[in-house]
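Student: Model the following, please.
(2 chains)
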Amino acid sequence: MLDAKMIRANPEKVERELEKRNIKEGLKEFLALDEERRSILSKVEELRNFRNSASREVGELKKQGKDPQDLMEKVRKVGEEIKELEEKLKQKEEEIENILLRIPNLPHPSVPVGEDERFNVEVRRWGEPRRFDFEPKAHWDLGVDLDILDFERGAKLSGARFTVYKGMGARLERAIINFFLDVHTGEHGYKEILPPFMVNDYCMVGTGQLPKFAEDMFKVEGRDMYLVPTAEVPLTNLHREEILDDEDLPLYFTAYTPCFRAEAGSHGRDTRGIIRQHQFNKVELVKITRPEESYEELEKMTRDAERVLQLLGLPYRVVLLCTGDMGFSSAKTYDIEVWMPSYNEYKEISSCSNCEDFQARRANIRYRPARGEKPRYVHTLNGSGVAVGRTLAAILENYQQEDGSVLVPEALVPYMGGIKVIKRNDL
RNA sequence: GGAGAGAUGGCCGAGUAGGCUGAAGGCGCUCGCCUGCUAAGCGAGUACAUGGGCUAAAACCUGUGUCGCGGGUUCGAAUCCCGCUCUCUCCGCCA
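Tutor: As a prediction, this is how the structure comes out:
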């Protein structure tokens, strides 16, 4: 959520910045409603002030044995007036809130301006895509042939975009999860969290999924609870409604969770394989930082995510997203894209964002810079560290051999009980 | 699922025959004093949000709201009434 005071003070600037994101709605309505709200508010406060002092006077008159009947009657009438105005005020506030919660974050000045992904800027590359001397298979064929991915039975159990992992497939997925968590906790200083996989709607509003993107999520029937679409939600909301101590910052959290997404509006995209699923696993990174250090922390976090791909020997590139391609809550985002032979291109495997104080304001996460000083909003960052299913797909495709078997990346061998090759009929 | 208890400031903890309590007291913390250092002692300060005034911006002044959340009664509610949420204890059930 943007700061209402900031918008009020710089309406033209906000309009310009939102235009970069192709957003034209909301601002004017906000300004008009805000004006109305404030005029009602001063009236209400004036009347309440009268009521407070008059009530006090009533008490004193009574104490002196005088009859305060007239005054009481007057205050009662004012009370009715107050109630009416309060009703109006509440209505305005709700309308304003509703608009504000649907306006996205403003882009950081370093973000390239552009409509869509064509305007993203490649920042760096690592590794060299392998040249195959045979026709490489896509992971969905490899997985089926090795009998480690079962799409038909996934569909039987749950429907399209659900997959059953079997044998070494399940084992490999688990190995990747543990490997990622170990690297981020052991080498990068993140604290491991195992959060609930269902969260309430306050959390969803806090990180920005609600109210605008309700159709992207799975809601629990009959409750105000949602299956987490990413661990960003529970991790960022851990300190919702809190004032943190300066010395506790920055906080680094990592968590493995399954992620549940309705994938509304993505019919026909990535229908084959495990790239786009209703349920997938992810190891997430979240940072809660002081405002002045958040951009430095974004760079570090992106490097932390890249690190696991380097350890796995998977070629990737880092892309700076343009204004039109960024997520709702983000001020600046780097995507990490891994090389996928089946697509013959780089495919998103991580997204690292600095949300500045956008989520902090929604979730009311603050810190006190020093004793006696006013609380300030923290900055929140999140990044995939990285998507597990897509990593498994990338390993299958990049490490496949001509006979259809798949080499296990060296870093994962210890997590696979010493197994170095995945072949058909392995248990 | 059944029965009961509770929810107050950074923390602990007063406060129910409704009024001058944004909230006693203590702890913690900050600043100052004092002691050769430390400890002890003394004094002052120490919630959050928001409207307005002043300002370059603060500080500051002033109003309003907030004692789990939402409603009600009343001239006036932390204090009375209703609903909800959460926590704790006991019983039942369950991985």
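Student: Name the SS class of the residue in the stretch 301-427 of chain A positioned nearest to RNA strand B, please.
Tutor: With CB to the nearest atom of the strand, the shortest gap between the stretch 301-427 of chain A and RNA strand B falls at A:Arg371, namely 4.1 Å. Where you see a C-beta, it was placed from the backbone N, CA and C, and this is true even at glycine. Here A:Arg371 is recorded as coil under DSSP: H, G, I helix; E, B strand; the rest coil.
Student: give me every residue that touches A:Gly208.
Tutor: Contacts of A:Gly208 were listed using CB atoms under 8 Å, 6 or more residues apart in numbering, and they are A:Gly327, A:Phe328, A:Ser329, A:Cys355, A:Phe358, A:Gln359, A:Arg362.
Student: Kindly list the main-chain dihedrals of the first one?
Tutor: Per-residue torsions, A:Gly327: phi -70, psi 160 (degrees, to the nearest 10).
Student: Any idea how many residues pack against it?
Tutor: If you count neighbours by other CB atoms under 10 Å, A:Gly327 ends up with 15.
Student: is it true that it touches A:Cys352?
Tutor: No: if you go by CB atoms under 8 Å, A:Gly327 and A:Cys352 don't touch, sitting 10.9 Å apart.
Student: So A:Lys347 lies in a strand, does it not?
Tutor: Yes: A:Lys347: assigned to a strand according to three-state DSSP.
Student: from the contacts of A:Gly208, which would you call buried?
Tutor: Buried subset of those (neighbour count, 16 or more other CB atoms under 10 Å): A:Phe328, A:Ser329, A:Cys355, A:Phe358, A:Gln359, A:Arg362.
Student: mind checking how far the third one is from A:Asp224?
Tutor: What it means is A:Cys355. Distance of A:Cys355 to A:Asp224, given as CB to CB, to the nearest Å: 23 Å.
Student: Equivalent analysis for the last one, please.
Tutor: When CB to CB is the yardstick, A:Arg362 and A:Asp224 sit 17 Å from each other.
Student: hmm, back to that, could you count how many residues lie near the residue of the stretch 301-427 of chain A closest to RNA strand B?
Tutor: Neighbours of A:Arg371 (other CB under 10 Å): 7.
Student: What does the pLDDT read for it?
Tutor: Note on A:Arg371: pLDDT of 71.
Student: Name the residues of the one helix or strand A:Cys259 maps to that come out as buried.
Tutor: Using DSSP states H and E, A:Cys259 maps to strand A:251-260. Neighbour-count burial for strand A:251-260, counted by 16+ other CB under 10 Å, picks out A:Leu251, A:Tyr252, A:Phe253, A:Thr254, A:Ala255, A:Tyr256, A:Thr257, A:Cys259, A:Phe260.
Student: Skip the chain neighbours and tell me the closest residue to A:Phe162.
Tutor: Using CB to CB, 6 or more residues apart in numbering and skipping residues adjacent in sequence, the residue nearest A:Phe162 is A:Gly154, 4.2 Å away.
Student: so that neighbour makes contact with A:Val164?
Tutor: Yes: using CB under 8 Å, A:Gly154 is in contact with A:Val164, at 4.7 Å.
Student: higher neighbour count, these two?
Tutor: Neighbour tally, A:Gly154 and A:Val164, criterion other CB under 10 Å: the higher count belongs to A:Gly154, 20 against 17.
Student: Next, the more buried one: secondary structure please.
Tutor: Strictly by three-state DSSP, A:Gly154 counts as helix.
Student: give the contact list for it.
Tutor: Taking CB under 8 Å, 6+ apart, we find A:Gly154 in contact with A:Phe162, A:Thr163, A:Val164.
Student: how far away is it from RNA strand B?
Tutor: For A:Gly154, the distance to RNA strand B equals 25 Å [CB to the nearest atom of the strand, to the nearest Å].
Student: Domains in chain A, by residue range?
Tutor: In terms of domains, chain A is parsed into A:4-101, A:117-422 (source: the TED database).
Student: As a markdown table, those domains with distance to A:Val111 would be great.
Tutor: Below are these laid out as a markdown table (distance: least, CB to CB, whole Å):
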| stretch | distance to A:Val111 |
| --- | --- |
| domain A:4-101 | 8 |
| domain A:117-422 | 5 |
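Student: Any figure for the gap between the spatially closest residue to A:Arg317 that is not a sequence neighbour and A:Pro107?
Tutor: Computed as CB to CB, 6+ apart, the closest residue to A:Arg317 that is not its neighbour in sequence is A:Arg125, at 4.4 Å. As for A:Arg125, its distance to A:Pro107 is 24 Å (criterion: CB to CB).
Student: These two: which is more packed in?
Tutor: Legend: neighbour count by other CB under 10 Å for A:Arg125 and A:Pro107, higher for A:Pro107 (22 against 14).
Student: OK, contacts around A:Lys423?
Tutor: Contact analysis of A:Lys423 by CB under 8 Å, 6+ apart lists A:Leu146, A:Ser405.
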